[in-house]
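A.B. asks: sequence and predicted model, in that order:
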Amino acid sequence: MATGRIVVDVERCKGCDLCRDACPPDVLRHADFLNAKGYRPIILLDPKHKCTGCALCATVCPDGCITVFRDIPQPKEKIHHGAAIA
Amino acid sequence: MLDTLPLENERLVYARPRTLASRYTHYCPGCTHGTAHRLIAEVLDELGLQDETILVASVGCSVFAYDYFDVDACEAAHGRAPAMATGIKRYHPDKIVFTYQGDGDLASIGAAEIIHVANRGENITTIFINNAIYGMTGGQMAPTSLIGQKTTSSPFGRDTQLAGYPMHMAELLAGIPGTAYSVRRSLHDARHVIQAKKAIKTAFEAQMAGIGFSIVELLSTCPTNWGMTPGDSCDWVRDQMVPVYPLGDFKVADELQQARGRSKR
């Protein structure tokens, strides 16, 4: 499964929750602070790294305040079954 | 300034389009005007038209659109954006000219202008935001309000005996010979936003090919004047507006279909 992260421009966010409704892994939450306009912005709260970088949040964001990154998959190191791992 | 550059082992999937100015918008939280702005900006970025485009802003909530797009712009009198766009396009036929109008502007006071611009087949693009209400003036009934919809000027619901029926502008303009492209899309969820972006791109391509007048009607939300949360207003669009205003292509000119067919192959 692809993994990713988002960066929210918290001063631009108006806390409308449309991204939160659109987010499949449900990793967006309201911040516990107010921005300069008095809104509680959305932040990524993703301790288990469930964000897939699908960009659905950015697709529905009316204020264009979300930047999305996706991790480039790294080739997995081969593990030989039965071999002792130090 | 935010760190919007990818780290190592990361790639950028989505960033704010360049054509969108950095100014904060005055729109209410959850208003899909912002989404429509962003889609237009993304399309202009993809087609490389930022330096070639002239916006004609309308009156309504979108009155400050010239501040939010990083393109040349001009403000028209209420409803007269298509007339002004006609003049600009005829003087600068090599530029891309588009108008951005709401339902109070386009379907009410500007109904004559939009019908005649379509009838003359002016080679401009119109983005029509239909949210079934007057937003900026405080939630009065618009020509596009639904039957029975409660607004500040129809507190017992829209009465067809008194105020007639909802105006279907996309269908109306599709019946005019000069129109090249007339479609309706919605902005209530991610899938429909992506479809709306494709339609906006086709509309601008129609203008680039010089085929004729192109209009994209976008069903939009007005959470403040509908008295709902942004999430509930998206559900209201899906459940109440889409049955009245069916989504679809009402006119795609033959030349445009051929051009699209070629590009697909």
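C.D. replies: In hand now; what should we look at? Here the structure is a predicted model, which is why all the values come from computation and not from measurement. Numbering: from 1, shown residues only, chains lettered A, B, ... in the order given.
A.B. asks: what packs against the helix or strand B:Ile114 falls within?
C.D. replies: Following DSSP states H and E, one finds B:Ile114 within helix B:111-119. When contacts are defined as 3 or more CB pairs under 8 Å, 6 or more residues apart in numbering or on different chains; DSSP states H and E, helix B:111-119 packs onto helix B:81-91, helix B:169-174, strand B:213-219. All C-beta spots, glycine's among them, are computed from the backbone N, C-alpha and C.
A.B. asks: out of those, flag the one nearest chain A.
C.D. replies: strand B:213-219 (12.4 Å; CB to the nearest CB).
A.B. asks: mean confidence score for that closest one?
C.D. replies: Summarised as a single mean, pLDDT over strand B:213-219 is 96.
A.B. asks: residues contacting the helix or strand just after that strand, please?
C.D. replies: The helix or strand immediately downstream of strand B:213-219 is helix B:223-226, counting by DSSP H and E. With contacts defined as CB atoms under 8 Å, 6 or more residues apart in numbering or on different chains, helix B:223-226 is touched by A:16, B:28-31, B:133-135, B:138-139, B:151-152, B:229-230, B:232-233, B:236.
A.B. asks: CA atoms only: put the helix or strand where B:Phe204 lies into PDB for me.
C.D. replies: Element membership for B:Phe204 (DSSP H and E) is helix B:190-209. Output of helix B:190-209 as PDB, limited to C-alpha atoms (Å, rounded to 0.1, in the frame of the first residue of the first chain):
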ATOM      1  CA  ALA B 190     -14.300  14.200  -5.200                       C
ATOM      2  CA  ARG B 191     -15.600  12.100  -8.100                       C
ATOM      3  CA  HIS B 192     -17.800  14.900  -9.400                       C
ATOM      4  CA  VAL B 193     -15.000  17.500  -8.900                       C
ATOM      5  CA  ILE B 194     -12.700  15.500 -11.100                       C
ATOM      6  CA  GLN B 195     -15.500  15.200 -13.800                       C
ATOM      7  CA  ALA B 196     -16.000  19.000 -13.500                       C
ATOM      8  CA  LYS B 197     -12.400  19.600 -14.100                       C
ATOM      9  CA  LYS B 198     -12.500  17.500 -17.300                       C
ATOM     10  CA  ALA B 199     -15.500  19.500 -18.500                       C
ATOM     11  CA  ILE B 200     -13.800  22.900 -17.800                       C
ATOM     12  CA  LYS B 201     -10.700  21.700 -19.700                       C
ATOM     13  CA  THR B 202     -12.900  20.700 -22.700                       C
ATOM     14  CA  ALA B 203     -14.600  24.100 -22.600                       C
ATOM     15  CA  PHE B 204     -11.300  25.900 -22.800                       C
ATOM     16  CA  GLU B 205     -10.100  23.500 -25.600                       C
ATOM     17  CA  ALA B 206     -13.300  24.400 -27.500                       C
ATOM     18  CA  GLN B 207     -12.300  28.000 -27.300                       C
ATOM     19  CA  MET B 208      -8.700  27.300 -28.300                       C
ATOM     20  CA  ALA B 209     -10.000  25.500 -31.400                       C
END
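A.B. asks: ranges for the helices of the chain?
C.D. replies: Going with chain A. A:18-22, A:56-60 (DSSP state H).
A.B. asks: not what I meant, chain B
C.D. replies: B:33-47, B:65-68, B:81-91, B:103, B:111-119, B:160-163, B:169-174, B:190-209, B:223-226, B:230-236, B:242-244, B:254-264.
A.B. asks: and the first one, how far out from the chain middle?
C.D. replies: The chain centre lies 10 Å from the centre of helix B:33-47; the measure is CA atoms, centre = their mean, to the nearest Å.
A.B. asks: buried ones in it?
C.D. replies: The neighbour-count check on helix B:33-47 (16 or more other CB atoms under 10 Å in any protein chain shown) flags B:33-44 as buried.
A.B. asks: which parts of the stretch 51-200 of chain B sit against chain A?
C.D. replies: Residues of the stretch 51-200 of chain B lying close to chain A (CB under 8 Å from any CB of the partner chain) are B:189-190, B:193-194.
A.B. asks: now the buried members of the residues you listed.
C.D. replies: The buried subset of those (16+ other CB under 10 Å) comprises B:189-190, B:193.
A.B. asks: so where's the chain shaky on pLDDT?
C.D. replies: I'll assume chain A. Applying pLDDT under 70 to chain A flags residues A:78-86.
A.B. asks: chain B was what I was after
C.D. replies: Low-confidence segments of chain B, defined by pLDDT under 70, span residues B:1-3, B:262-265.
A.B. asks: ok, 50 please
C.D. replies: B:1, B:265 (pLDDT under 50).
A.B. asks: and the strands in chain A?
C.D. replies: A:4-8, A:28-30, A:42-44, A:66-71 (DSSP state E).
A.B. asks: out of those strands, nearest to chain B?
C.D. replies: Comparing these by CB to the nearest CB, strand A:66-71 comes nearest, at 4.0 Å.
A.B. asks: is the closest one positioned near chain B?
C.D. replies: Yes - using CB under 8 Å from any CB, strand A:66-71 comes into contact with chain B via A:66-71.
A.B. asks: now for that strand, which elements pack on it?
C.D. replies: Packing partners of strand A:66-71 (3+ CB pairs under 8 Å, 6+ apart): strand A:4-8, helix A:56-60, strand B:10-14.
A.B. asks: just name the most buried of these.
C.D. replies: Most buried of the helices and strands packed on strand A:66-71 by mean neighbour count (mean count of other CB atoms under 10 Å in any protein chain shown) is helix A:56-60; its value is a mean of 24.
A.B. asks: ok so, going back, would you turn the residues of strand A:66-71 next to chain B into CSV with neighbour count?
C.D. replies: Below are the residues of strand A:66-71 next to chain B laid out as CSV (neighbours: other CB atoms under 10 Å in any protein chain shown):
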residue, neighbour count
A:Ile66, 25
A:Thr67, 22
A:Val68, 22
A:Phe69, 24
A:Arg70, 20
A:Asp71, 18
